[in-house]
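> here are the coordinates; sequence isn't available:
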């Protein structure tokens, strides 16, 4: 089955700097790659997603890139702010009858003022 | 916020007792999912449903069963709780495969 590896497990950056989180996946049939942000005591919330027919997607300060050949995708956050501090999860899904997301292990991002 | 309510939000139960967690949605989404979250493992899919009375197993389904008799409700049952089932459980919904999944607030279950 699908396996998703996420790195790093923790990341600390200065406010205003950029943060990059990387994920690799194993199943070349995966075609949907969402990123979720989880704040303390809450459920994960989608921040951006990308499908396998697209190489890059951007939404304001957040961007995701996908390299299907290498089977990896990355989250880029620019001009980081204190409210970006949270745990971030990547995921991959093959789709089909239902969306069976396989998640990475998570990255705890801390933005230092 | 998507209309997803999980109940209870917290529960402590003894080993060997049955436990049922409830997920209720008001979005009329077809797909519903149960995940568990444990440190170092991210979220792992337990069971999912693609319609009323249509359910299937996820990657960590042993020891769990589910039922969906109405579009809005998806129940997760631990027939005989074990300490390894201590976890935070999240329900999620989506309108279609490979679209945004909305997660509930979670249920923290402790098995002692």
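Great, that's in hand. These figures come from a predicted structure and were not determined experimentally.
> Who are the contact partners of residue B:40?
Listed by CB atoms under 8 Å, 6 or more residues apart in numbering or on different chains, the contact partners of residue B:40 are residue A:105. In short, each C-beta sits where N, CA and C put it, glycine included.
> Give me the pLDDT value at it.
Listed pLDDT for residue B:40 reads 83.
> Next, count neighbours for residue B:96.
If you count neighbours by other CB atoms under 10 Å in any protein chain shown, residue B:96 ends up with 12.
> hang on, it packs against residue B:30?
Yes. With contact defined as CB atoms under 8 Å, residue B:96 and residue B:30 form a contacting pair (7.5 Å).
> got the residues of chain A near chain B?
Applying CB under 8 Å from any CB of the partner chain, we find that chain A lies next to chain B at A:1, A:4, A:6, A:31-32, A:34, A:36, A:41-46, A:49, A:51, A:89, A:93, A:95-106.
> quick one: low-confidence parts of chain B?
Low-confidence segments of chain B, defined by pLDDT under 70: B:1-2.
> Spell out which residues of it are next to chain A.
So chain B meets chain A at B:31, B:33, B:40-45, B:48-50, B:56, B:58-59, B:90, B:92, B:94, B:96-106 (CB under 8 Å from any CB).
> OK, contacts around the residue most central in space within chain B?
In chain B, the residue lying closest to the centroid (CA atoms, centre = their mean) is residue B:34, at 2.9 Å. Applying CB under 8 Å, 6+ apart to residue B:34 gives the contacts B:21, B:23, B:45-48, B:58, B:64, B:66, B:74, B:76, B:89-92.
> ranges for the strands of the chain?
By default, I'm working from chain A. A:4-7, A:10-14, A:19-25, A:32-38, A:45-51, A:56-59, A:62-67, A:72-77, A:86-92, A:102-103, A:107-112 (DSSP state E).
> sorry, should have said chain B
Applying DSSP E to chain B gives strands spanning B:4-7, B:10-13, B:19-25, B:31-38, B:42-51, B:54-57, B:64-70, B:73-78, B:87-94, B:102-103, B:107-111.
> closest one to residue A:81 among these?
Among the strands of chain B, the nearest to residue A:81 by CB to CB is strand B:102-103 (23.0 Å).
> List the strands paired with that closest one, with their directions.
If you go by DSSP bridges, strand B:102-103 pairs up with strand B:87-94 (antiparallel).
> on that earlier part again, can I get the strands of chain B in JSON lines with distance to residue A:57?
Formatted as JSON lines, these follow (distance: least, CB to CB, whole Å):
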{"stretch": "strand B:4-7", "distance to residue A:57": "26"}
{"stretch": "strand B:10-13", "distance to residue A:57": "37"}
{"stretch": "strand B:19-25", "distance to residue A:57": "27"}
{"stretch": "strand B:31-38", "distance to residue A:57": "23"}
{"stretch": "strand B:42-51", "distance to residue A:57": "22"}
{"stretch": "strand B:54-57", "distance to residue A:57": "30"}
{"stretch": "strand B:64-70", "distance to residue A:57": "33"}
{"stretch": "strand B:73-78", "distance to residue A:57": "30"}
{"stretch": "strand B:87-94", "distance to residue A:57": "19"}
{"stretch": "strand B:102-103", "distance to residue A:57": "20"}
{"stretch": "strand B:107-111", "distance to residue A:57": "33"}
